[in-house]
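# Here is my input, please return the structure:
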Amino acid sequence: MPPAARRAAIIEAVRPLLIEHGDRLTSRQIADAAGVAEGTIFRVFADKDELIVAAVDAAADPAPFEQAVAAIDRTLPLTDQLIAATELLQRRVDDVWQLVSGLSVSVRERVSRPLAASPALIELFTTARADLRVEPAVAAQMLRALTLSLTHPMVASEPVPAAAIVDVVANGVLCEDDGPGRRSPR
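Numbering: from 1, shown residues only. As a prediction, this is how the structure comes out:
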């Protein structure tokens, strides 16, 4: 197997182990899961920490998310496109949280970094630019921030449904004033 493919296979094999054992997993567990000898691991990675960081980096790689958002059917109404994107964001939050929650603080600090802007998410909002009160990049940032905060298990005991998150981003939380004593959703 070429070295890059071997590296990718080992990274893929270690992800479920990190969810189950955190960074206390052993090189024997990694080798068994990857179907390689322990020595093979250390010909590809300097040490177990380098492998763990590589696995977290692979999980945090924005490319699969960007591709999935770009593949959302643009003939759907914008709200449906945003719900689909929000569901993708929610799965990403959950996947990354499961992976990093069992890691020690020192390992989490090595992989901690701010999220870069999402070009694909910005593009969704760009198609509706004339209907926005803010720039598409700001709308995308708001959607991501709200999704993160209403999905992350350390903030929300239960994730808020994607449709409700999109509704708040698109319409806010206030009702329209329909006259004295009457209010309806926007």
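# got the buried residues for stretch 84-96?
Going by neighbour count (16 or more other CB atoms under 10 Å), the buried part of stretch 84-96 is A84, A85, T86, E87, L88, L89, Q90, R92, V93. In short, each C-beta sits where N, CA and C put it, glycine included.
# and which of the residues you listed is nearest R15?
Nearest to R15, judged by CB to CB, of the buried residues of stretch 84-96 is R92 at 13.7 Å.
# Surely that closest one and A68 touch.
No: under the criterion of CB atoms under 8 Å, R92 lies out of contact with A68, with a separation of 9.1 Å.
# Just the terminal-to-terminal distance for stretch 103-116.
Start to finish, the residues bounding stretch 103-116 are 22 Å apart (CA to CA, to the nearest Å).
# centre of the chain versus that stretch, how much separation?
Averaging C-alpha positions (CA atoms, centre = their mean, to the nearest Å) puts stretch 103-116 14 Å from its chain's average.
# for stretch 16-34, same thing?
Relative to the chain's own centre, stretch 16-34 is displaced by 22 Å; criterion: CA atoms, centre = their mean.
# what does stretch 52-60 give?
Its chain's average C-alpha position is 13 Å from that of stretch 52-60, according to CA atoms, centre = their mean.
# And for S106, the neighbour number?
By the measure other CB atoms under 10 Å, the count of residues near S106 is 9.
# Quick check: buried residues in the helix or strand that contains it?
When elements are assigned from DSSP states H and E, S106 belongs to helix 105-111. Going by neighbour count (16+ other CB under 10 Å), the buried part of helix 105-111 is V107, R110, V111.
# and the first one, how far is that from G22?
Same thing as V107. V107 sits 9 Å away from G22 when distances are taken as CB to CB, to the nearest Å.
# Contacts only, for V53.
V53 makes contacts with V107, R110, V111, as judged by CB atoms under 8 Å, 6 or more residues apart in numbering.
# cutoff 7 Å now
For V53, the contacting residues are R110, V111, taking CB atoms under 7 Å, 6 or more residues apart in numbering as the criterion.
# please renumber so the chain begins at 9
Noted, 9 is the first residue going forward, which turns the last one into V61.
# can you tell me the helix or strand for it?
Using DSSP H and E, the secondary-structure element containing V61 is helix 56-68.
# picking up where we left off before, of the buried residues of helix 113-119, closest to L107?
Distances from L107 to the buried residues of helix 113-119, taken as CB to CB, are shortest for V119 (9.7 Å).
# Tell me the predicted confidence for that closest one.
Per-residue pLDDT puts V119 at 72.
# That one and L158: what is the separation?
23 Å.
# With D88 instead?
Computed as CB to CB, the D88 to L158 distance reads 19 Å.
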